[in-house]
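**Student:** sequence and predicted structure below; questions after.
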Number of protein chains: 2
Amino acid sequence: MLSLFPPSGRQLPARGRKLSTGLESISFKTYRGVTTLRRVKRGGCLFRAHDVFRCLYPIRSGFFKTVLGDRGGREQITGFFMPREVLGMEGFGSGYQQNSAYALEDSEVHVVPYSFIQELGCAMPSVQRHMLALVSSEIVRNQSIMLSLGSLDAKERLAAFLINLSERFRDRGYSGSEFLLRMTRAEIGSYLGLQLETVSRHFSAFQKAGLLDVHEKLVAIVDVKGLHRVLNARS
Amino acid sequence: MLSLFPPSGRQLPARGRKLSTGLESISFKTYRGVTTLRRVKRGGCLFRAHDVFRCLYPIRSGFFKTVLGDRGGREQITGFFMPREVLGMEGFGSGYQQNSAYALEDSEVHVVPYSFIQELGCAMPSVQRHMLALVSSEIVRNQSIMLSLGSLDAKERLAAFLINLSERFRDRGYSGSEFLLRMTRAEIGSYLGLQLETVSRHFSAFQKAGLLDVHEKLVAIVDVKGLHRVLNARS
DNA sequence: CGTAATTTTGACTCCGCTCAATTGGCGTGG
DNA sequence: CCACGCCAATTGAGCGGAGTCAAAATTACG
């Protein structure tokens, strides 16, 4: 079974201890007073590529996209993020943010200064481990997308995308079978390496096949097994 | 200008201090006696997906590929690695390796136990920073590939691939204009999300266009500017 | 309520995949 | 040494899926 498109909480747990998805679990107990809350309006920008890297942003509420753009007009959406996921981790390497992050709806993030994480890491080795695990799980997430972009066709990518969204919503206590897409067809296309028309066509095809019930941004997954079958068909 | 396909050493430096590519810089001074050397023959396997994560492997000599495979036969090459680059960092998150690593030629790697890195990290905060930078630079590398897979056509991907290889060879003191491909056309295709025939065809096309001089695995870049133009043409 | 943005659908084109045949290099064994 | 088989690479022919262009429908929003 393909397990495309983490971050799904289920990817993370491994040994005995549950790995909380981000800084959240620590956040509310320990960070109080150090972290601040920041509100970003729909369409607003949390940070831009080339901004100096200073903070991590665990999402408290809302929905974000991250965009990787090189000068030259070419750009691609590298991820969609929901509460309990963490934004801004690509900055560790270069000291600068590599992506821009935009809110797809009114959102709130925790602002966690990197300096604070460093201090904490010195005192508590577990925090070091936790941070490495967090950042490396982002690698795993990206590699799943690479696998999708490199070896799945359009309808398989869309199926994998929907399955992943569904699981992440479910893991967060929302319905996994019916949810509102916060992004446009064009944004889904950018993320999946497809044109918006192709995305739209396959939404229609899935509907016709009885897998989905789509009304613009509202998606109801009618036949989960069927979606998985789309993925495993052309094994 | 596109900057696809890190890891190129030039991606990393940011502030004043030069970020060494891996554990190497520390390795020879501090690690002596703790790290061991491991030889892997051409075609041999350094580690497999689902192996328990215990060590990092900075490459001392040779050439590797990493393969991401899900049960179901679908698999994809996620990277090619050369000396001074580090293998095995996806394991932090889950405690298990996510990729398999195979030597494309007789190779040597340093074996650095994770436990040792942890100890070191407690004593020296700079090591913590270094490790986070290292892992997060892998995210940046993967996102470049995502951008390539998602928004470049076949000839652009191949051009970007060759430019990246060239820069990495140059950065390591080898010739950047003439080098031996350690991987097959099929492996290049897997990495770029293309069929091997497509890769071969575009090699021929580049040759015909006077950009390259290709003889099986030996590639000479005749016109670097031209290769870059291929990337920026369909801006 | 009117304008803009998003989505859907159709028709056509073309790039990359598939299938297939050929060539050349290389190692093994007769 | 050559014969043979194996694998990698090249090249061709034909097809199909996704891109492109275009128009209409529906929705969002000021």
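**Tutor:** Thanks, I have it. Residues are numbered from 1 along each chain as shown, chains lettered A, B, ... in the order given.

**Student:** which parts of the longest helix anywhere in chain A are buried?
**Tutor:** Across chain A, the longest stretch assigned as helix under DSSP state H is helix A:125-151. For helix A:125-151, a neighbour-count test (16 or more other C-beta atoms under 10 Å in any protein chain shown) marks A:127-151 as buried. For every residue, glycine as well, the C-beta is placed using N, CA and C.

**Student:** does it reach chain B?
**Tutor:** Yes - Helix A:125-151 is in contact with chain B by C-beta under 8 Å from any C-beta of the partner chain, via A:125, A:128-129, A:131-140, A:142-143, A:145-147, A:149-151.

**Student:** show me which of these neighbour DNA strand D.
**Tutor:** Among the residues of helix A:125-151 next to chain B, no residue is within reach of DNA strand D (C-beta under 7 Å from any atom of the strand).

**Student:** now the longest helix of chain A against helix B:125-151, angle please.
**Tutor:** Following axes from the mean of the first three to the mean of the last three C-alpha atoms, to 10 degrees, one obtains 20 degrees for the angle between helix A:125-151 and helix B:125-151.

**Student:** any part of helix A:125-151 near DNA strand C?
**Tutor:** No - against DNA strand C, helix A:125-151 shows no contacts by C-beta under 7 Å from any atom of the strand, the least distance being 8.9 Å.

**Student:** can you check stretch A:191-210 too?
**Tutor:** Yes - under the criterion of C-beta under 7 Å from any atom of the strand, stretch A:191-210 makes contact with DNA strand C via A:Leu196, A:Glu197, A:Val199, A:Ser200, A:Arg201, A:Phe203, A:Ser204.

**Student:** isn't A:Tyr114 right up against A:Tyr57?
**Tutor:** No - using C-beta atoms under 8 Å, A:Tyr114 is not in contact with A:Tyr57; the gap is 11.1 Å.

**Student:** A:Arg38: neighbour count?
**Tutor:** 14 (other C-beta atoms under 10 Å in any protein chain shown).

**Student:** for it, give its distance to A:Met183.
**Tutor:** 21 Å (C-beta to C-beta, to the nearest Å).

**Student:** show me the shaky parts of chain A.
**Tutor:** A:1-33, A:71-73, A:235 (pLDDT under 70).

**Student:** swap in 90 and give it another go.
**Tutor:** A:1-35, A:69-75, A:118-128, A:216, A:232-235 (pLDDT under 90).

**Student:** and A:Leu37, what helix or strand is that in?
**Tutor:** strand A:36-40 (DSSP states H and E).

**Student:** which residues touch A:Gln143?
**Tutor:** B:Leu68, B:Thr78, B:Glu90, B:Gln98, B:Asn99, B:Asn142 (C-beta atoms under 8 Å, 6 or more residues apart in numbering or on different chains).

**Student:** what's around the residue lying closest to A:Ala209 once chain neighbours are set aside, how many residues?
**Tutor:** Closest residue to A:Ala209 apart from its sequence neighbours, by C-beta to C-beta, 6 or more residues apart in numbering or on different chains: A:Gly226 at 7.2 Å. By other C-beta under 10 Å, the residues close to A:Gly226 number 15.

**Student:** before we move on, what about the one 4 residues further on?
**Tutor:** Number of residues near A:Val230 (other C-beta under 10 Å) recorded here: 23.

**Student:** not counting sequence-adjacent ones, nearest residue to it?
**Tutor:** Looking at A:Val230 with C-beta to C-beta, 6+ apart, the closest residue is A:Ala159, at 4.2 Å.

**Student:** and that neighbour, how many neighbours?
**Tutor:** A:Ala159 is flanked by 25 other residues according to other C-beta under 10 Å.

**Student:** and stretch A:41-59, anywhere near DNA strand C?
**Tutor:** No - using C-beta under 7 Å from any atom of the strand, no contact is recorded between stretch A:41-59 and DNA strand C, whose separation bottoms out at 9.5 Å.

**Student:** how much space separates the residue of chain A positioned farthest from its centre from DNA strand D?
**Tutor:** In chain A, the residue that sits farthest from the middle, by C-alpha atoms, centre = their mean, is A:Ala123; the gap is 30.0 Å. Separation of A:Ala123 from DNA strand D (C-beta to the nearest atom of the strand, to the nearest Å): 46 Å.

**Student:** now do the phi/psi pair for that residue.
**Tutor:** The phi/psi pair for A:Ala123 (degrees, to the nearest 10) reads phi -80, psi -40.

**Student:** just confirm A:Leu104 is within a helix.
**Tutor:** No - the assignment for A:Leu104, made by DSSP: H, G, I helix; E, B strand; the rest coil, is strand rather than a helix.

**Student:** is it true that it touches A:Phe64?
**Tutor:** Yes - the criterion here is C-beta under 8 Å, and A:Leu104 meets it with A:Phe64 at 6.4 Å.

**Student:** for chain A, what spans make up the strands?
**Tutor:** With strands called from DSSP state E, chain A shows them at A:36-40, A:45-47, A:55-69, A:75-81, A:86-87, A:100-113, A:178-180, A:212-215, A:218-221.

**Student:** and chain A, which of its residues are near DNA strand D?
**Tutor:** When proximity is defined as C-beta under 7 Å from any atom of the strand, chain A approaches DNA strand D at A:Asp153, A:Ala154, A:Lys155, A:Gly193, A:Leu194, A:Gln195, A:Glu197, A:Thr198, A:Glu216, A:Lys217.

**Student:** can you narrow those to ones near chain B?
**Tutor:** A:Gly193.

**Student:** nearest to B:Phe47 among the residues of chain A next to DNA strand D?
**Tutor:** Nearest to B:Phe47 among the residues of chain A next to DNA strand D, counting by C-beta to C-beta, is A:Gly193 at 29.5 Å.

**Student:** pretty sure the closest one sits against B:Leu152.
**Tutor:** No - between A:Gly193 and B:Leu152 there is no contact under C-beta under 8 Å: 9.5 Å.

**Student:** what residues does chain A have near DNA strand C?
**Tutor:** So chain A meets DNA strand C at A:184-186, A:196-197, A:199-201, A:203-204, A:214, A:216-217 (C-beta under 7 Å from any atom of the strand).

**Student:** buried subset of these?
**Tutor:** Taking 16+ other C-beta under 10 Å as the criterion, what is buried in the residues of chain A next to DNA strand C is A:Arg185, A:Val199, A:Ser200, A:Arg201, A:Phe203, A:Val214.

**Student:** quick check: the two most widely separated of those?
**Tutor:** A:Arg201 and A:Val214 (11.8 Å).

**Student:** what's near enough to touch the closest residue to A:Gly193 other than its chain neighbours?
**Tutor:** Spatially, and ignoring its direct neighbours in sequence, A:Gly193 is nearest to B:Gly150 (3.4 Å; C-beta to C-beta, 6+ apart). Residues counted as contacts of B:Gly150 (C-beta under 8 Å, 6+ apart) are A:Gln76, A:Leu149, A:Ser190, A:Tyr191, A:Leu192, A:Gly193.
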